[in-house]
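> what follows is a predicted structure for the sequence shown.
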Amino acid sequence: MIALPVGGHSGRVQTREGKRPRRVLLTGWFSFRDGEATAGDVLALRRVEDVLRGTGIPYDIAWSPGFRPEALHLDRLWPGDYSHLVFVCGPLHGPQVEELHRRFAHCVRIAVGTSVIDPASAAVTGFHRVLPRDAPDSEPVEDLAARAPEVPARPVVGVILTHGQEEYGQLRRHGQVAEEVTRWLAAKDCARLELETRLDTHDWHLSATPAQLQSVLARLDLVVTDRLHGLVIALRVGTPVLAVDPVAGGAKMSAQARACGWPALVPAERLGVRQLDRWWDWCLTGGRVTARQIRDAFREGAAPDSADRLVEALARPVPG
């Protein structure tokens, strides 16, 4: 068991027994160079951190350099700095876990919130104690992620971008727009959902009907798009849109934003972080009201569209 330290949370502290300082290294599949960080693993880690903070036990976290390049990595730390190693979440199996046992042989090694597949495997037996979420011949317990500290909600953003529209020739800026917009979005603290306006009755990744796509868009906080129908369908359900016109000089996206009375449009020539941030903030505040007003105007049908003149056009004789 981990000896409770005397003193604060950080720095070297002495145990009550007066032995050498205690420090815990928190690891998991999120620590390995070729491992991966999942949302469940990180929430489980937060639960363990919450427990350790409550006791004042000092700890560090080892992250995969592919996920957190600026953080502490297994290959850059000194094992002798730690008295205990705790492996959090995930299955206990494989050579990567076994290597932890060899490298941290001097540590007390504990697994918590893990799945035990083969109790006799070296990955399992190398731990001094296993506190599993599920294991053969034992009752399962709740996953650690279930009781992780609450996290605030983030904006849910639909992203609809096109790489087509070859008809615009040399005026096309679609590649530039997609690159800049996605790089900007990657730095935003939001939940991103890549979407398509294209329908398909065979590909389960895509909506098969407009109603299915509308149902998704209606549940979003914001849509970021360079597609005309990404703009129109989102406004149709009252979701604010950060629109980008991917054609130099402006084309159908700019024309449609003007027709709908929607101001949050960034031309390709003015695309940049400042403009995108400005409209992002507006869309998530005052833009919500404007989007609902435009939705209501669509439903009332007060503004004319091209179909209003179709019957008249059909009745006219064909010239010459």
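Great, that's in hand. Residues are numbered from 1 along each chain as shown.

> residues of stretch 89-106 that come out buried?
Within stretch 89-106, the residues scored as buried using 16 or more other CB atoms under 10 Å are 89-90, 92-93, 96-98, 100-101, 104. To be clear about C-beta, it is placed using only N, CA and C from the backbone, and glycine gets the same treatment.

> T290: helix or strand, and which one exactly?
helix 286-300 (DSSP states H and E).

> now for that helix, which elements pack on it?
Counting contacts by 3 or more CB pairs under 8 Å, 6 or more residues apart in numbering; DSSP states H and E, helix 286-300 is packed against helix 228-236.

> and the helix it packs on with helix 286-300, angle?
Counting by axes from the mean of the first three to the mean of the last three CA atoms, to 10 degrees, helix 228-236 lies at 90 degrees to helix 286-300.

> give me the helices and strands touching the next helix or strand after helix 228-236, please.
On the C-terminal side of helix 228-236, the closest following helix or strand by DSSP H and E is strand 241-245. Here strand 241-245 touches strand 222-225, helix 228-236, helix 252-260, strand 265-267, helix 273-283, going by 3+ CB pairs under 8 Å, 6+ apart.

> between these, which one is nearest to V177?
Evaluated with CB to CB, the helices and strands packed on strand 241-245 place strand 265-267 nearest to V177, the distance being 9.0 Å.

> can you list contacts of that closest one?
Contact with strand 265-267 is made by 242-245, 250, 253-254, 257, 275-276, 279, as judged by CB atoms under 8 Å, 6 or more residues apart in numbering.

> ok, now with 10 Å
Identification of contacts with strand 265-267 by CB atoms under 10 Å, 6 or more residues apart in numbering yields 173, 177, 180-181, 226, 231, 241-250, 253-254, 256-258, 272, 275-276, 278-279.

> neighbour count says what about those residues? Which are buried?
Using 16+ other CB under 10 Å as the burial test, those include 173, 177, 180-181, 226, 231, 241-247, 250, 253-254, 256-257, 276, 279 as buried.

> could you pull out the helices for the stretch 51-200 of the chain?
95-103, 122-125, 174-186 (DSSP state H, counting those that start in this stretch).

> and S306, what's its pLDDT?
S306 is assigned a predicted lDDT (pLDDT) of 91.

> P319 now?
pLDDT, P319: 80.

> cool, and R172?
Model confidence at R172, given as pLDDT, is 82.

> highest mean neighbour count out of the helices and strands packed on strand 241-245?
strand 222-225 (a mean of 26; mean count of other CB atoms under 10 Å).

> let me see the mean pLDDT of that strand.
98.

> given it, what are its sheet partners and their directions?
strand 156-160 (parallel), strand 241-245 (parallel) (DSSP bridges).

> next, the angle from the last one to helix 273-283.
Interaxial angle of strand 241-245 relative to helix 273-283 (the same axes, to 10 degrees): 150 degrees.

> that older thread, closest to V311 out of the helices and strands packed on strand 241-245?
Closest approach to V311 among these is made by helix 252-260 (21.1 Å; CB to CB).

> what about that closest one, average pLDDT?
Across helix 252-260, the average pLDDT comes to 96.

> enumerate every residue touching the nearest residue to W184 once chain neighbours are set aside.
Excluding its sequence neighbours, the residue lying closest to W184 (CB to CB, 6 or more residues apart in numbering) is L276, at 5.3 Å. L276 is in contact with 180-181, 184-185, 188, 224, 242, 244, 266, 270, counting by CB under 10 Å, 6+ apart.

> closest to L310 among those?
For these, the nearest to L310 is V244 (31.0 Å; CB to CB).

> test my guess that that closest one contacts R173.
Yes - under the criterion of CB atoms under 10 Å, V244 makes contact with R173 at 9.2 Å.

> quick check: neighbours shared by the two?
Contact with both V244 and R173 is made by residues 180, 226, 267-268, 271, according to CB under 10 Å, 6+ apart.

> L74: which of these is nearest?
Sorting the shared contacts of V244 and R173 by how near they are to L74, with CB to CB, puts E180 at the top with 34.9 Å.

> show the contacting residues for G80.
Neighbours of G80 in contact, by CB under 10 Å, 6+ apart: 104, 106-107.

> mind putting those residues in TSV, pLDDT and distance to A146 included?
Shown next, in TSV, are the contacts of G80 (pLDDT from 0 to 100; distance: CB to CB, whole Å):
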residue	pLDDT	distance to A146
F104	97	28
H106	96	33
C107	97	28
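
> out of these, which comes closest to E300?
Of all the contacts of G80, E300 sits closest to F104, with 68.0 Å by CB to CB.

> so what's the residue count around the nearest residue to that closest one once chain neighbours are set aside?
The shortest distance from F104 to any non-neighbouring residue, by CB to CB, 6+ apart, is to L85 (4.6 Å). By the criterion of other CB atoms under 10 Å, L85 has 24 neighbours.

> what does P69 give?
P69: 9 surrounding residues under other CB under 10 Å.

> can you tell me how far Q96 is from D34?
The gap separating Q96 from D34 is 8 Å, by CB to CB, to the nearest Å.

> now do the nearest residue to A218 once chain neighbours are set aside, the pLDDT please.
Computed as CB to CB, 6+ apart, the closest residue to A218 that is not its neighbour in sequence is V237, at 4.0 Å. We have a pLDDT of 98 for V237.
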